[in-house]
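Novice: Whatever this is, show me its structure:
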Amino acid sequence: MNNGSTGVVDYKAGNLKSVETALRHLGASFYISGDPDKIFKADRLIIPGVGEARTAMENLKQAGLDTAIIDFYNTGKPVLGICIGIQLLFESSTERNTRCLGLLKGTVVRFPETIGLKVPHMGWNQVMPVKKNYLFSGIPAGSSFYFVHSYYPKPAVSDYVLAETEYGIKFASAVGCNNITAVQFHPEKSGKAGLKLISNFLNF
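Specialist: Okay, here's the model as predicted:
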């Protein structure tokens with residue numbers, strides 16, 4: 001796969017190993033780094049991770065990666081956010097009232113306890129595309145992906161929403177705007193469909 005280098009942002013948020021395994025399986029040229037200069041020089045960027053919004057943002061800021069991600073986005077090169085990576089792209093999260101990167105308009109909120117379902121939302125669930133996007137090319141509508149999260153994005157712009165998932169409520173499980181695409185689920189843990197989604201990003 002000769003499509004330039006993919007930078008994977010290391011901001012101590014965990015889950016890097018599964019992303020690395022998926023990229024190796026796909027034969028991608030990639031590197032994992034917490035160095036802002038190295039991240040900026042990539043041809044495309046993946047922001048993975050699991051964890052809590054406030055801690056994630058503090059780690060990004062401490063390393064200077066928050067500015068590096070924003071500067072990278074402004075070059076027009078492709079960016080993919082995964083799990084906490086989708087949440088950090090929005091303006092804010094209600095998780096400890098965290099100010100996020102602000103590349104997408106909207107906020108991130110916790111699943112309401114009143115829905116009678118377990119929080120976090122954990123396990124396999126269907127993802128239904130609501131508009132055509134390269135990210136889901138070749139993936140059947142309604143394919144299942146693996147989720148682990150207590151918070152979900154609420155985009156302020158409806159046109160951002162690429163796909164939705166139902167878990168007591170219907171929420172945006174994939175979003176996109178300009179050169180950003182992002183997913184709330186873990187494609188790197190989602191078998192064939194997940195690998196296809198990552199491959200679509202790498203070949204965009």
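Novice: and Asn3, how far is that from Leu23?
Specialist: As judged by C-beta to C-beta, to the nearest Å, Asn3 and Leu23 stand 12 Å apart. Any C-beta I mention is one placed from the backbone N, CA and C, and that applies to glycine too.
Novice: Looking at the two, which has the bigger crowd around it?
Specialist: Applying other C-beta atoms under 10 Å to Asn3 and Leu23 shows that Leu23 carries more neighbours, namely 23 against 14.
Novice: the helices in the chain, which residues?
Specialist: Along the chain, counting by DSSP state H, helices occupy 16-25, 36-40, 53-63, 65-74, 84-87, 191-202.
Novice: Give me the average confidence score over stretch 127-144.
Specialist: For stretch 127-144, mean pLDDT is 97.
Novice: chain center to stretch 115-122: distance?
Specialist: Centroid separation between stretch 115-122 and its chain, computed with C-alpha atoms, centre = their mean, to the nearest Å, is 20 Å.
Novice: Now do the end-to-end distance for it.
Specialist: Terminal residues of stretch 115-122 lie 15 Å apart, using C-alpha to C-alpha, to the nearest Å.
Novice: Rounded mean pLDDT for it, please.
Specialist: Computed over stretch 115-122, the mean pLDDT rounds to 88.
Novice: same question, stretch 78-85
Specialist: Taken as a whole, stretch 78-85 has a mean pLDDT of 98.
Novice: Name the residues that touch that stretch?
Specialist: Stretch 78-85 is contacted by residues 9, 13, 15, 19, 44-53, 56, 69, 72-73, 87-89, 148-149, 179-188, 198, 201, 204 when judged by C-beta atoms under 8 Å, 6 or more residues apart in numbering.
Novice: And stretch 116-135, by the same measure?
Specialist: Counting by C-beta under 8 Å, 6+ apart, 110-111, 113, 136, 141-150, 152, 161-168, 173-174, 176, 181, 183, 185, 190, 197, 200-201, 204 sit against stretch 116-135.
Novice: Please pick the buried ones from those residues.
Specialist: Among the contacts of stretch 116-135, the ones that count as buried by 16 or more other C-beta atoms under 10 Å are 111, 136, 143-147, 149, 152, 161-165, 167, 173-174, 176, 181, 183, 185, 190, 197, 200-201.
Novice: and the residues you listed, which of them are in strands?
Specialist: With DSSP state E as the criterion, strands contain 144-147, 149, 152, 161-165, 167, 173-174, 176, 181, 183 from among those.
Novice: Can you tell me which of the helices of the chain is nearest to Gly102?
Specialist: Closest approach to Gly102 among the helices of the chain (C-beta to C-beta): helix 65-74, 8.1 Å.
Novice: can I get the CA coordinates of the closest one in PDB?
Specialist: The C-alpha trace of helix 65-74 is given here as PDB (Å, rounded to 0.1, in the frame of the first residue of the first chain):
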ATOM      1  CA  LEU A  65      -0.400  18.300  20.000                       C
ATOM      2  CA  ASP A  66      -3.600  20.300  20.200                       C
ATOM      3  CA  THR A  67      -2.000  23.100  18.100                       C
ATOM      4  CA  ALA A  68      -0.400  20.500  15.800                       C
ATOM      5  CA  ILE A  69      -3.700  18.800  15.100                       C
ATOM      6  CA  ILE A  70      -5.400  22.100  14.300                       C
ATOM      7  CA  ASP A  71      -2.500  23.200  12.100                       C
ATOM      8  CA  PHE A  72      -2.600  19.800  10.300                       C
ATOM      9  CA  TYR A  73      -6.300  20.100   9.700                       C
ATOM     10  CA  ASN A  74      -5.800  23.600   8.200                       C
END
